[in-house]
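> Next input, structure requested:
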Amino acid sequence: MNQQYLLKGYPKSQAGVALIIVLIVLLLISILGIIVLRKSTTDLQVATASQISQLMFQANDDAFGKVEKEDRLRVASTSSTKKGLDTLQGYISRAGEDTFDAETVFCVRPRESDLFRLDKITQKNNTGNILEGANRGFCDPTNPNDYVNEGRVMTQMTFVKLAKAKDVVPLSEHARNDESNDLSTNSSAQESPCVYFNGYSVSLIPSYTSSNVSLGNSTSTGTDTVAGCLKQKIDDIDKCLTDLGVPHNIQMQSYKHEPVGVSCLS
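Numbers count the residues shown, from 1 in each chain. Next up is the predicted model:
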C-alpha cells in the first residue's frame, strides 16, 4: 500500500505579509541611516566652519601682536639717519598732506626676518593709486611663502593715517603746552606731532574657496579673483571676498603715535 504524505505550508497570504513587514523594516533602517549620516555631516560642517573662523581670528590677533612687538623693538634701536621711517609707526606718521588716508599694505610673511620692510610694502596715495616702485606688499595666493602656516591661512595688513582724526577725537591735533590759543587749527604751520591711524588685518583661507573661483596671481587686479580682491581698498575687500565665497576674517585696531617728549591732549 502506498502512503501519501501531504506537506502543510504557510498560506500564501501570510508569506506576503511577512515579506511586506521585512521590506518596511529595511526601509526604516535605511531612513534612519540616512538621517544619522546627514546629522554627522552637518555636525562636521559646523565644526569645520567654527574651526576655520577661530583659525582666521587667531591669525589676525597674532599678526597685530607680532607687528606691534617688532615695532617696539625697532623704535628702541632705530637709526637716527632714517628718522624712524624704518619703523611702522614712524613711516605711517611721516609728514605730508598726501600721506593722509593713504594705505600702506604688506603681506604677513613669517619666514622673513621682519614683517614690515620698506622694500616689501605696497604704498597707495589717498586716491587709491599705487605709487611707482612701491608695489611688493600684496599677498599672492599662488605663492607658498605668502601663507602664515601649514593650515593655508593668508594674512594681509593695511595701515591708514587718519585725515579726520580731529573730527573724531577732540583736540587730537594739539599737544600739551603748545603755543596756540586757537583750538580749531594746528598750533603752527607744521603738522601736529600727534598722529592717529588705523590698522586692519585680513586673514583668509583660499583653499576653501569654491573650485569655480580663480585664485589669481600677482598680476590680477579685478574683483573676480582672490588675489584681485586683496588689491582693493580696505573698505571694499570684505564685500569682494564675500561675493566670491572666500572664508575670511577682518579685524581693526586704532593707534595713536605720540613721539617721545610729546603728550597729546586726548
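> which residues in the chain form strands?
Under the criterion DSSP state E, strands of the chain are mapped to 103-107, 122-124, 130-135, 154-161, 195-204, 248-257.
> Take those and lay them out in JSON lines including mean neighbour count.
Using the backbone N, CA and C atoms, a C-beta is placed for each residue, glycine as well. Putting these into JSON lines (neighbours: other C-beta atoms under 10 Å) gives the following:
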{"stretch": "strand 103-107", "mean neighbour count": "23"}
{"stretch": "strand 122-124", "mean neighbour count": "21"}
{"stretch": "strand 130-135", "mean neighbour count": "13"}
{"stretch": "strand 154-161", "mean neighbour count": "24"}
{"stretch": "strand 195-204", "mean neighbour count": "23"}
{"stretch": "strand 248-257", "mean neighbour count": "18"}
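> Relative to T221, which of these is closest?
Among the strands of the chain, the nearest to T221 by C-beta to C-beta is strand 130-135 (10.0 Å).
> got the CA positions of that closest one in PDB?
C-alpha atoms of strand 130-135 as PDB (Å, rounded to 0.1, in the frame of the first residue of the first chain):
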ATOM      1  CA  ILE A 130      49.700 102.600  -6.200                       C
ATOM      2  CA  LEU A 131      52.900 104.600  -6.100                       C
ATOM      3  CA  GLU A 132      55.500 103.800  -8.700                       C
ATOM      4  CA  GLY A 133      58.200 101.400  -7.300                       C
ATOM      5  CA  ALA A 134      56.200 100.600  -4.200                       C
ATOM      6  CA  ASN A 135      54.100  97.500  -5.100                       C
END
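> list the contacts for V148?
Contacts for V148 (C-beta atoms under 8 Å, 6 or more residues apart in numbering) come out as A59, D62, A63, V108, P110, M154, T155, S203.
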